[in-house]
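# Just to be clear, the model below is a prediction. Sequence and coordinates:
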Amino acid sequence: MLLLWIIFLNFYLSIHSEEYIENYLGTKSAYRYVANLNNFENHDQEGCATKIWMFVRHGTRYPGISDIKVMREHLPKLQDEIIRINEDESLKIDHRLSKSDLLLFKKWYPRVEEYEAKMLTVEGEKEMVELAERMQWRFPNLLKPFYSNTSYVFKHTKTQRTKESGKYFATGLFGKSVHGGGYYPIAVKRNSILRFYKLCKKWIISVKKNAQTYSERNNFYDTEIMREALDKVSSKLGLDNLTVSDLHSMYVTCAFESSWSNRRRSPWCIPFDIETIKVLEYAEDLKYYWVDGYGYDLTCNQACPAFNDMFNFINSEEKYPNALFYFTHSGSLLKMLCHLGIYRDHNQLLANNFEENKNRQWKVSKIDPFGNNLAFILYTCNGTKKVLTMHNENIIRLPACPKSDFCDVKTIEDYYKNSLTCGFDEMCENNLINITSS
């Protein structure tokens, strides 16, 4: 048993090391790389926790159609070229792949079909089960191990990946006998809480569909830093005709295949070392900073319907339900984090300040992997109402209470008072703009 524990500890420390490639794979990272696996203590030993509101991004999924096509049509061509060049002893190249790395490329084949696009994976199912089990361990008095539609409410978006995530989370709480047996309200495509941004017409036009939003990431692709990363990867593979688009395709595939399994190494991670993977990660952060983060005030402000839902739930005098679980998407979680004012950097993320932002807080690899979750737990003790906030199972402090883990409900109300009267339709100009969002 001691030997097994040492092996597990060494593995855990390795995947959480700052010098491990899997720590820099953006929003396609597996939850296991950030999950709080070393603190299972009971957070409610006095039995004061009375409510929990939780926002959960779906677990690890398969890629979308466009990425699957790249994996099935483009990468095999690169694979053939890499094998051909590295096996041809007559060619003079600066470096050759090791036999073991070359063997990984030879054994690789696309492991996903188009019909599986964006569906929850087995790893995603496991993430949800284990997340629920750990939360129950931390709050045993609040999260009782038997299902009641009076105590528990589960909601998901109109997608297979969030629906299944909710079911497997329920399995973690109540066991296999209840899997999928709980009550789930009928999901709608555009939900004002779960996917509020789908209803914000101004944001869709001025941010998501605005080419300027992606200019910092695109400009970063043209920097000397990116060219040096491209040259380094090209040299390692023995190729001289790689493009930034190729680099991005390798990065995305490395991320997905790493998230699906911790037992099988993706050959598309081989081209990267720590320095080059950090460059690709920054490109990802630039995208999500401007699309879903602090790049535009509207992006953060529009999350007020979700914030209001949370605050009204924890502030309500109604005893039941006492657990509300929402299963949603990356865009919702990132905007909610932004709305709360956490992970905000002093500098904006720009194409020309990579070096200044190396220690940035806005790293989607860490704050928005698959399974990303945000929980607000209400404690009612001796007539006082305080809230504990957790992100990815770690206790975080809200800007409203920077010196305390627990934040008084009234303090939250005063600090975020503009959020409680935000005027979503007016902010989003929903009465002035006539569009059909995708």
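Received, thanks.

# After the strand or helix carrying Phe154, heading C-terminal, what element do we hit next?
In this assignment (DSSP states H and E), Phe154 forms part of strand 152-156. Following strand 152-156 in sequence order, the next helix or strand is helix 160-174 (DSSP H and E).

# Against which helices or strands is that next one packed?
Helix 160-174 sits against helix 122-138, strand 152-156, strand 323-328, with contacts defined as 3 or more Cβ pairs under 8 Å, 6 or more residues apart in numbering; DSSP states H and E. (C-beta placed from N, C-alpha, C; glycine too.)

# The strand holding Phe154 packs against which elements?
Other helices and strands packing on strand 152-156, by 3+ Cβ pairs under 8 Å, 6+ apart, are helix 160-174, strand 323-328.

# Swap in 10 Å and give it another go.
Helices and strands touching strand 152-156, by 3 or more Cβ pairs under 10 Å, 6 or more residues apart in numbering; DSSP states H and E, are strand 49-57, helix 160-174, strand 323-328.

# Skip ahead from the last one and say which helix or strand is next.
This points to strand 323-328. On the C-terminal side of strand 323-328, the nearest following helix or strand under DSSP H and E is helix 330-340.

# Could you list the buried residues of the helix or strand just after that following helix?
As assigned by DSSP H and E, the chain's next helix or strand after helix 330-340 is helix 364-367. By neighbour count on 16 or more other Cβ atoms under 10 Å, the buried set for helix 364-367 is Val364, Ser365, Lys366, Ile367.

# same question, stretch 421-434
The neighbour-count check on stretch 421-434 (16+ other Cβ under 10 Å) flags Cys422, Phe424, Met427, Cys428 as buried.

# ends of that stretch, how far apart?
With Cα to Cα, to the nearest Å as the measure, stretch 421-434 spans 24 Å from end to end.

# thinking again about what came up before, turn the helices and strands packed on helix 160-174 into CSV, columns for distance to Val409, mean pLDDT and mean neighbour count.
Formatted as CSV, the helices and strands packed on helix 160-174 follow (distance: least, Cβ to Cβ, whole Å; pLDDT from 0 to 100; neighbours: other Cβ atoms under 10 Å):
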stretch, distance to Val409, mean pLDDT, mean neighbour count
helix 122-138, 21, 97, 20
strand 152-156, 20, 95, 21
strand 323-328, 16, 97, 24
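
# Same list (those) but as a markdown table, adding distance to Met390.
Output for the helices and strands packed on helix 160-174, formatted as a markdown table (distance: least, Cβ to Cβ, whole Å):
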| stretch | distance to Met390 |
| --- | --- |
| helix 122-138 | 9 |
| strand 152-156 | 18 |
| strand 323-328 | 14 |
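
# wait, which of those is closest to Lys201?
Using Cβ to Cβ as the measure, strand 323-328 is the one of those that comes nearest Lys201, at 19.9 Å.

# which helices and strands does that closest one pack with?
Counting contacts by 3+ Cβ pairs under 10 Å, 6+ apart, strand 323-328 is packed against strand 49-57, helix 122-138, strand 152-156, helix 160-174, helix 304-315, helix 330-340, strand 373-381.

# Turn those into a markdown table, including distance to Asn347.
Putting the helices and strands packed on strand 323-328 into a markdown table (distance: least, Cβ to Cβ, whole Å) gives the following:
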| stretch | distance to Asn347 |
| --- | --- |
| strand 49-57 | 26 |
| helix 122-138 | 33 |
| strand 152-156 | 36 |
| helix 160-174 | 34 |
| helix 304-315 | 26 |
| helix 330-340 | 16 |
| strand 373-381 | 24 |
